[in-house]
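Novice: Show me how the following folds:
(one chain, ligands or ions: 1)
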Amino acid sequence: MGRKFVVGGNWKMNGTKSQINEILSFLKTGPLNSNTEVIIGVPAVYLDYVQSNSPANVHVAAQNCYKAEKGAFTGETSPAMLKDIGVNWVILGHSERRQIFGESDELVADKVAFALSSGLKVIACIGETLDEREAGKTEAVVFRQTQAIANKIKDWSNVVIAYEPVWAIGTGKTATPAQAQEVHKSLRDWFAKNISKEVADSIRIQYGGSVTGANCQELGSQPDIDGFLVGGASLKPEFVNIVNARQ
Ligand SMILES: O=C(CO)COP(=O)(O)O
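Specialist: Model prediction:
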């Protein structure tokens, strides 16, 4: 189908320089399947270091950025700053940003649009909470989050969607391959209906939430799962196995 498998590691707020050196070392040893695009999401303070020291087949992403080029936004990072240090990817709209830091659909969409217009590639995260799933609102939530982005952008070629059910993040409760595939398929159908068949066929949709070396192969064999966004396991050598889940 021509969608390149894409595996992201979201380190979240983890890592010291010595831990990062260990991670870079297992990434260098790999071997990493050349048919998989690999992106590591690094805390802001270490971006420059990791960008300078990571192997050439690993891309580096920020975990957030603001919707302005520069100015009086204390504590924020701009897309221009990321580009300046050679970072070309950013993760936006992660559920922790939405839930802990109160980022709305609207703000996430503005950030996605601004990052894209600044020349960054974006991993845009969506996903429902346990309450929303149990209330039968999974589709409504992920469609609403995706529509908010669709209202602000036209070109989806530099966007990867990460479907991360909030109840599966950091809990050890992975969505079953069938549960994940069902939502990925609905999302692809949503793109076909609301954006275009071409975007639906080409957009890559990652699954995230308690992905491990043990469950990645079965998840990765689902037709609409085009990769993973990995939290905890991306800090460990098993991340290499996850990158290589689809051979
Ligand atoms: O939030 C995640 C990746 O962005 C998933 O985290 P875990 O893999 O630790 O569940």
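Novice: Please count neighbours and contacts with C-alpha atoms only from this point.
Specialist: OK.
Novice: And the helices in the protein?
Specialist: 17-29, 47-53, 79-84, 95-100, 105-117, 130-134, 138-150, 177-194, 197-202, 216-220, 238-243 (DSSP state H).
Novice: so where's this protein uncertain?
Specialist: Scanning the chain for pLDDT under 70 picks out 1.
Novice: what residue lies at the spatial centre of it?
Specialist: Ile123 (4.1 Å; CA atoms, centre = their mean).
Novice: Could you single out the most deeply buried of the helices of the chain?
Specialist: Greatest average neighbour count among the helices of the chain goes to helix 238-243 (a mean of 23), per mean count of other CA atoms under 10 Å.
Novice: Run the chain-centre distance for that helix.
Specialist: The chain centre lies 16 Å from the centre of helix 238-243; the measure is CA atoms, centre = their mean, to the nearest Å.
Novice: Up against the ligand, what does this protein have?
Specialist: 10, 168-170, 208-211, 229-232 (CA under 6 Å from any ligand atom).
Novice: got those as JSON lines, with distance to Thr74 columns?
Specialist: Putting these into JSON lines (distance: CA to CA, whole Å) gives the following:
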{"residue": "Asn10", "distance to Thr74": "24"}
{"residue": "Ala168", "distance to Thr74": "32"}
{"residue": "Ile169", "distance to Thr74": "29"}
{"residue": "Gly170", "distance to Thr74": "29"}
{"residue": "Gly208", "distance to Thr74": "30"}
{"residue": "Gly209", "distance to Thr74": "31"}
{"residue": "Ser210", "distance to Thr74": "33"}
{"residue": "Val211", "distance to Thr74": "34"}
{"residue": "Leu229", "distance to Thr74": "28"}
{"residue": "Val230", "distance to Thr74": "29"}
{"residue": "Gly231", "distance to Thr74": "27"}
{"residue": "Gly232", "distance to Thr74": "29"}
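Novice: Please narrow these to those residing in strands.
Specialist: Cross-referencing these against strands under DSSP state E gives 10, 208, 229-230.
Novice: Do me a favour and get the end-to-end distance for stretch 6-25?
Specialist: End-to-end distance for stretch 6-25, by CA to CA, to the nearest Å: 20 Å.
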